[in-house]
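**Q** Could you work out the structure for the sequence below:
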Amino acid sequence: MNQATLGSGTKDGQRSSHPQLTPFAFGASRRFVDRQQVFHLTTMASSSTEMPNDDAELKAIAEPTTILRGLVGSSVHGLVLDGTDDRDEMGVCVEPRRYVVGFGKFEQWVYRSAAEREARAGARSRAGDLDLTIFSLRKWARLALQGNPTVLLLLYLPEDALVTRTEVGRQLQQLAPAFASRQAGRRFLGYLEAQRQRLVGERGQRDVNRADLVERFGYDTKYAMHMLRLGHQGVEFLEAGCLTLPMREPVRSHLMDVRRGGRNLADVLAECAELELRLGALLESSTLPLKLKPETDRVERFVMDTYAAAWAAQEA
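**A** Now for the predicted structure:
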């Protein structure tokens, strides 16, 4: 595997006298170490690990080693209102050896054109702005194995939603069935419940940052649309073991109607409740084809092999 293949492309009672043992591996562990030893080792590592704190350095790590990058926002779902949306992208990179086994540390690079334009981290994105996160392969794989719905999108991106895909990125997408599981389905349900609670103010502060939509329609219709979108995609994921992007009709048009303010909040919350019940029933179904847990060993092997090949090419 050459460097060009990796970095260019087309478009995560009584106390026993025996020491407590802790798993120490990527996923399901085969080795155990003393908890006190783990604490000592991790404390030493955190005090000596070098975290890149310069955006230029993070960019220099991520961009040349990106294997997969594409759209993950409204546009990839087919839920865009012309002239209103920013551009959300996510990527995966294979960082150099020193950031995995040396004292360097890299987890992700985040770039926001709005923050760059206004010179402040909290700047709100406008239409056309780019919000980009490139994860290390190790972090992305952990998140995907846990069933993070947004992270999983990269596995199902169509050709026209891709910014970069190397041959290794293609192999990662082909590994999608290894990530699909009921465990991931439970994350869809958990995120759906949390978003509903935030929308109505039952969980923390009401998650509303689009005052114009609240003023016009009485609630944040874009947030509500994405809440329902998550529920419908969770149902598809549990029933089919994959996601269709962009979303299929008639669900896509229905969600756009919600975004445009064509449904009142009571109807939106009723639909959300139905989706929660449906997801719960699917998760308890004995006929669901999805396996209980993802194929962690298979994913771990891919991750280790990918890093080994990448480092060999980078250091050649």
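**Q** Point out where the chain drops to low pLDDT.
**A** Scanning the chain for pLDDT under 70 picks out 1-53, 115, 204-209.
**Q** Domain boundaries for it, per the record?
**A** Per automatic domain parsing, the structural domains of the chain span 45-173+296-310, 183-284.
**Q** Would you mind putting these into CSV with mean neighbour count alongside?
**A** The C-beta positions use only the backbone N, C-alpha and C, and glycine is treated the same way. CSV is the format used below for the domains of the chain (neighbours: other C-beta atoms under 10 Å):
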stretch, mean neighbour count
domain 45-173+296-310, 18
domain 183-284, 17
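**Q** Out of those domains, which is closest to residue 290?
**A** Across the domains of the chain, the minimum distance to residue 290, taken as C-beta to C-beta, is reached by domain 183-284, at 5.5 Å.
**Q** Show me the strands in the stretch 51-200 of the chain, by range?
**A** Ranges of strands in the stretch 51-200 of the chain, per DSSP state E, counting those that start in this stretch, are 66-71, 87-93, 108-112, 130-136, 162-165.
**Q** ok so, going back, please name whichever of the domains of the chain is nearest to residue 316.
**A** Among the domains of the chain, domain 45-173+296-310 sits nearest to residue 316 (C-beta to C-beta), with 10.8 Å.
**Q** if we can go back for a sec, include distance to residue 290 when you put the domains of the chain into TSV, please.
**A** TSV is the format used below for the domains of the chain (distance: least, C-beta to C-beta, whole Å):
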stretch	distance to residue 290
domain 45-173+296-310	11
domain 183-284	6
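**Q** need the strands of the stretch 51-200 of the chain in CSV with distance to residue 78, can you?
**A** As requested, the strands of the stretch 51-200 of the chain are exported to CSV (distance: least, C-beta to C-beta, whole Å):
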stretch, distance to residue 78
strand 66-71, 11
strand 87-93, 14
strand 108-112, 24
strand 130-136, 19
strand 162-165, 16
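**Q** Quick check: which of these is nearest to residue 276?
**A** Of all the strands of the stretch 51-200 of the chain, strand 87-93 comes closest under C-beta to C-beta, at 25.2 Å.
**Q** helices or strands up against that closest one?
**A** On a contact count with 3 or more C-beta pairs under 8 Å, 6 or more residues apart in numbering; DSSP states H and E, strand 87-93 meets helix 55-62, strand 66-71, strand 130-136, helix 137-146, strand 162-165.
**Q** change it to 7 Å
**A** Contact partners of strand 87-93 among helices and strands, from 3 or more C-beta pairs under 7 Å, 6 or more residues apart in numbering; DSSP states H and E: strand 66-71, strand 130-136, helix 137-146.
**Q** Any chance of JSON lines for these, columns distance to residue 203?
**A** Below are the helices and strands packed on strand 87-93 laid out as JSON lines (distance: least, C-beta to C-beta, whole Å):
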{"stretch": "strand 66-71", "distance to residue 203": "28"}
{"stretch": "strand 130-136", "distance to residue 203": "24"}
{"stretch": "helix 137-146", "distance to residue 203": "20"}
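**Q** nearest to residue 84, of these?
**A** With C-beta to C-beta, the closest approach to residue 84 among these belongs to strand 130-136: 14.4 Å.
**Q** List of residues touching the closest one?
**A** Strand 130-136 is contacted from outside by 12, 62, 66, 69, 86-93, 95, 106-113, 125, using C-beta atoms under 7 Å, 6 or more residues apart in numbering.
**Q** If anything else comes up later, I'll come back, but that's it for now.
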